[in-house]
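Participant: Structure here, sequence nowhere to be found:
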């Protein structure tokens, strides 16, 4: 049954292969950050393990194991091979996972991908896409073209409510950010948030590469970038925490 009022919290978090600013790798520390703020959904980037870092394979399972100890735990999780993971307290299914590189374009040295899941929240089927874009403007422009196309955000099954989040390696004032706003809203800006709230580097943030876009059927009720002794050391990015409600 669809509930008239439905609110939930999404955290997007680049965990820097679980390596903190003190150069120590700790899945438990990342789990403590997540547990402190109790999000309903967590979109993670740069989780180690898988095809592209086989020497680190298994570290992602360490984090899942740490999160399983939390009360309440995250019983649902999905991942793709470029380090993007989604954890949810609500039922979730994988829709699509893959790269953002068109066949006609040479791939970057560091592969980039996206993970699309459908999450059942209060009777609504939320489409959430988690991604981590490249380091250079040409890479990001090519990847956004794919992401905003028919395979992802314009796919006939990607219907509202929609959340797009992740590490875009681009500022809120960038042309890439403006292009994505042509597909989805950035209602964080309506809260006076976006050009002065920063997530990177975590020990002394001066820019924000981490963003969350929503379809018009979702409303942003609150935004937080936690800056504590723990978040400043756990990763080189600070987590972005957004409270949403279905209109």
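Facilitator: The structure has been received and is ready for your questions. Since the structure is predicted, the reported quantities are computational estimates derived from the model, not experimental observations.
Participant: Give me the residues contacting the helix or strand bottoming out on mean pLDDT in the chain.
Facilitator: Counting by mean pLDDT, DSSP states H and E, the chain has its least confident helix or strand at helix 59-68, which shows a mean of 71. Surrounding helix 59-68, the residues in contact under the criterion Cβ atoms under 8 Å, 6 or more residues apart in numbering are 15, 17-18, 25, 27-28, 30-31, 34-35, 44, 47-50, 73-74, 77, 79, 85, 87. C-beta: built from backbone N, CA, C; applies to glycine.
Participant: Repeat the analysis, applying 6 Å as the threshold.
Facilitator: Contact partners of helix 59-68, identified using Cβ atoms under 6 Å, 6 or more residues apart in numbering, comprise 18, 27-28, 31, 47-49, 74.
Participant: what's the answer for stretch 128-136, then?
Facilitator: Stretch 128-136 is touched from outside by 43, 45, 84, 86, 108, 112, 114-117, 119, 140, 143, 163-169, with contacts defined as Cβ under 6 Å, 6+ apart.
Participant: among those, which are in strands?
Facilitator: Secondary structure from DSSP state E places 43, 45, 86, 114-117, 119, 163-167 of those in strands.
Participant: Would you list the buried entries among the contacts of stretch 128-136?
Facilitator: 43, 45, 84, 86, 108, 112, 114-117, 119, 140, 143, 163-169 (16 or more other Cβ atoms under 10 Å).
Participant: Distance from the chain centre to stretch 239-247, please.
Facilitator: Here the centre of stretch 239-247 is set off from its chain's centre by 12 Å, with Cα atoms, centre = their mean, to the nearest Å.
Participant: I'd like the mean pLDDT over it, please.
Facilitator: Averaged across stretch 239-247, pLDDT comes to 93.
Participant: Name the nearest residue to residue 99, ignoring sequence neighbours.
Facilitator: residue 113 (4.8 Å; Cβ to Cβ, 6 or more residues apart in numbering).
Participant: Also residue 28?
Facilitator: Leaving aside its sequence neighbours, residue 28 sits nearest to residue 66 (Cβ to Cβ, 6+ apart; 5.2 Å).
Participant: and that neighbour, how far is that from residue 25?
Facilitator: 12 Å (Cβ to Cβ, to the nearest Å).
Participant: All the helices of this structure, residue numbers only.
Facilitator: Remark: helices assigned in the chain by DSSP state H are 27-37, 59-68, 137-147, 175-181, 229-234.
Participant: how distant is the least confident helix or strand of the chain from the center of its chain?
Facilitator: Distance of helix 59-68 from its chain centroid, counting by Cα atoms, centre = their mean, is 17 Å.
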